[in-house]
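>>> here's a sequence, model it:
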Amino acid sequence: MPNFLVVESETVDERDERRRAAGKSSGETYAATLRQMQPDCAVTIVAPADADAELYEPADLQGFDAVFVTGSPMHVYDDTPEVRRQLAFMRSVFASGTPSFGSCAGLQLAVVAAGGKVRKIPDRMEAGIARRITPTDAGRDHPLLSGRAASWDAPAIHGDEVETLPDGAILLASNGVTQVQAAEIRYDRGVFWGVQYHPELALGEIAVALRRQVDSLIEAGLADTAADVNLRADQLEALHRDAGRRSLRWLLGVDAQLADEDLRRTELKNFLACLPSLRVSDQQIEESLGEINQAA
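This is a model prediction of the structure:
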């Protein structure tokens, strides 16, 4: 039975607010998606931003088959106790050798934990649908993007982006808004695959997120009025209920890569399939621990 750890990137207040709006926290959404994809899995949810969160050492994390890091409204470049706690947790994930995957702020956390940089997107946001995501040369042959079209759209809502990847990271996909839409990061003993968009989310949840950020979307110039935002949210909700409805796909300018749930989850599906090859072996762990003990 697969044993997964889901890492909430939201604070207590952010989790409560999302539950009121969408019915679940980001971590609870991730857990529900994983259970749909692998019904026999066990899922533990942790919230390392919390001051009273349970502490996990790298050895504790080795008991999980994979770690999944959620999105959230937090800004990884803010020097707050919540951000510092989450970065420390992410470094423990890397040190454990347990394969990890993250979306949106999850990608940004992994980037900064491994030595890269995140910034506010200059002059705008990316909200609702990330358009025309295209693999790099490295991404075309990378297993994370196996099965993706030559270009695709994905659910997204973020105002921050990766400015600089850590040393040794591989840029896998970009689009016209955000250079880093997908990446592989190898740091310490760990491997992280991440995307700036949200393969774990249903389109109805993106609609809820748009309605929660009406003022920000207007301020960013993505909409002129609240009615514009609500219309787009209505269309996404309708497509969520009827993914094959051609008239809605035409109105939104999308194809099956976004509308079809299985295709929308391509990166998660690929990560799960590749877990056996990403896992650090017991022999590698023992060798690394031996080197640490010798150095001490």
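
>>> so who does Val208 touch?
Val208 makes contact with Ala21, Ala22, Ala233, according to C-beta atoms under 8 Å, 6 or more residues apart in numbering. From N, CA and C alone the C-beta is placed, and that goes for glycine too.

>>> name the SS class of it, please.
Of the three states, Val208 takes helix according to DSSP: H, G, I helix; E, B strand; the rest coil.

>>> now for the chain, the helix or strand with the poorest mean pLDDT.
Least confident helix or strand, the chain: helix 282-295 with a mean of 48, by mean pLDDT, DSSP states H and E.

>>> can you pull out the helices in the stretch 101-250 of the chain?
For the stretch 101-250 of the chain, applying DSSP state H, counting those that start in this stretch gives helices covering 105-113, 137-140, 203-212, 214-219, 226-241, 246-252.

>>> picking that back up, which of the contacts of Val208 count as buried?
For those, a burial check counting by 16 or more other C-beta atoms under 10 Å picks out Ala22, Ala233.

>>> take the contacts of Val208 and lay them out in CSV including pLDDT and distance to Arg186.
CSV is the format used below for these (pLDDT from 0 to 100; distance: C-beta to C-beta, whole Å):
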residue, pLDDT, distance to Arg186
Ala21, 91, 36
Ala22, 91, 33
Ala233, 97, 38
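
>>> just put the contacts of Val208 in TSV and tack on distance to Tyr77.
Formatted as TSV, the contacts of Val208 follow (distance: C-beta to C-beta, whole Å):
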residue	distance to Tyr77
Ala21	25
Ala22	26
Ala233	29
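
>>> His198: which of the contacts of Val208 is nearest?
For the contacts of Val208, the closest approach to His198 (C-beta to C-beta) belongs to Ala22, at 12.3 Å.

>>> alpha carbons of stretch 109-119, as PDB, please.
Taking Å, rounded to 0.1, in the frame of the first residue of the first chain, the C-alpha atoms of stretch 109-119 are listed here in PDB:
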ATOM      1  CA  LEU A 109       9.200  26.200  -1.800                       C
ATOM      2  CA  ALA A 110      11.400  23.600  -3.400                       C
ATOM      3  CA  VAL A 111      13.200  26.100  -5.500                       C
ATOM      4  CA  VAL A 112      14.100  28.400  -2.600                       C
ATOM      5  CA  ALA A 113      15.000  25.500  -0.200                       C
ATOM      6  CA  ALA A 114      17.500  24.300  -2.800                       C
ATOM      7  CA  GLY A 115      19.100  27.700  -3.400                       C
ATOM      8  CA  GLY A 116      17.000  29.300  -6.100                       C
ATOM      9  CA  LYS A 117      14.900  32.500  -6.100                       C
ATOM     10  CA  VAL A 118      11.200  33.400  -6.400                       C
ATOM     11  CA  ARG A 119       9.700  36.800  -7.100                       C
END
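
>>> buried residues, it. List them.
In stretch 109-119, counting by 16+ other C-beta under 10 Å, buried: Leu109, Ala110, Val111, Val112, Ala113, Ala114, Gly116, Val118.

>>> what strand or helix carries the closest residue in space to the first one that isn't next to it in sequence?
For Leu109, ignoring the flanking residues on the chain, the nearest one in space by C-beta to C-beta, 6 or more residues apart in numbering is Met90 at 5.0 Å. When elements are assigned from DSSP states H and E, Met90 belongs to helix 81-96.

>>> now do the buried residues in that helix.
Under the neighbour-count criterion of 16+ other C-beta under 10 Å, helix 81-96 has 82-83, 85-87, 89-96 buried.

>>> just put the residues you listed in CSV and tack on distance to Ala31.
As requested, the buried residues of helix 81-96 are exported to CSV (distance: C-beta to C-beta, whole Å):
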residue, distance to Ala31
Glu82, 21
Val83, 23
Arg85, 21
Gln86, 18
Leu87, 23
Phe89, 17
Met90, 19
Arg91, 23
Ser92, 20
Val93, 17
Phe94, 22
Ala95, 24
Ser96, 20
